[in-house]
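Peer 1: All I have is the shape, not the residue letters:
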């Protein structure tokens with residue numbers, strides 16, 4: 001949860017709060033980002049995590065990230081080709097990072113569930129024809 005928070009939401013949420021982005025409410029946006037991030041950070045420290053408890057924070061941070069991304073796209077559209085190319089590279093890096101993290105987590109969860117393999121073997125042993 002902390003890696004996802006750091007990689008995806010925090011940069012996009014802080015974009016509208018950065019001095020490069022014009023507009024008011026920077027301090028409030030930073031404060032709300034911190035407050036919505038606290039449940040995720042605190043729950044990440046617990047040994048037994050319940051994903052359902054971070055859904056409200058994820059929803060709020062996704063809205064803030066959308067605002068940040070919208071302001072970033074508007075800023076990039078006004079900029080030169082070098083900035084556009086850099087922004088495109090950043091977007092590709094974030095999407096590639098998301099795909100990589102998803103693949104690693106999928107592989108970890110796939111190989112970390114021995115009961116699934118045991119149930120499949122039990123099903124095969126109980127019914128060799130494949131019909132359950």
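Peer 2: Received the coordinates, thanks. Since the structure is predicted, the reported quantities are computational estimates derived from the model, not experimental observations.

Peer 1: So for the helix or strand that contains residue 32, what gets flagged as buried?
Peer 2: Under the criterion of DSSP states H and E, residue 32 resides in helix 26-44. The neighbour-count check on helix 26-44 (16 or more other CB atoms under 10 Å) flags 29, 32-33, 36-37, 39-40, 43 as buried. The C-beta positions use only the backbone N, C-alpha and C, and glycine is treated the same way.

Peer 1: That helix: how far from the chain's middle?
Peer 2: Here helix 26-44 is found 15 Å from its chain centre; the criterion is CA atoms, centre = their mean, to the nearest Å.

Peer 1: list the helices and strands that helix packs on?
Peer 2: helix 2-4, helix 10-14, helix 55-78 (3 or more CB pairs under 8 Å, 6 or more residues apart in numbering; DSSP states H and E).

Peer 1: Neighbours of residue 91, how many?
Peer 2: 14 (other CB atoms under 10 Å).

Peer 1: Now it: which helix or strand?
Peer 2: Using DSSP H and E, residue 91 sits within helix 81-111.

Peer 1: What is the subsequent helix or strand relative to that helix?
Peer 2: Using DSSP H and E, the helix or strand that directly follows helix 81-111 along the chain is helix 114-126.

Peer 1: what comes up buried for that following helix?
Peer 2: Going by 16+ other CB under 10 Å, helix 114-126 has no buried residues at all.

Peer 1: ranking the helices and strands packed on helix 26-44 by burial, who's on top?
Peer 2: Mean neighbours per residue, mean count of other CB atoms under 10 Å, is largest over the helices and strands packed on helix 26-44 for helix 10-14, with a mean of 20.

Peer 1: Average pLDDT for that helix, rounded please.
Peer 2: Across helix 10-14, the average pLDDT comes to 61.

Peer 1: swap in stretch 64-74?
Peer 2: For stretch 64-74, mean pLDDT is 77.

Peer 1: ok, residue 32 to residue 58 distance?
Peer 2: Separation of residue 32 from residue 58 (CB to CB, to the nearest Å): 14 Å.
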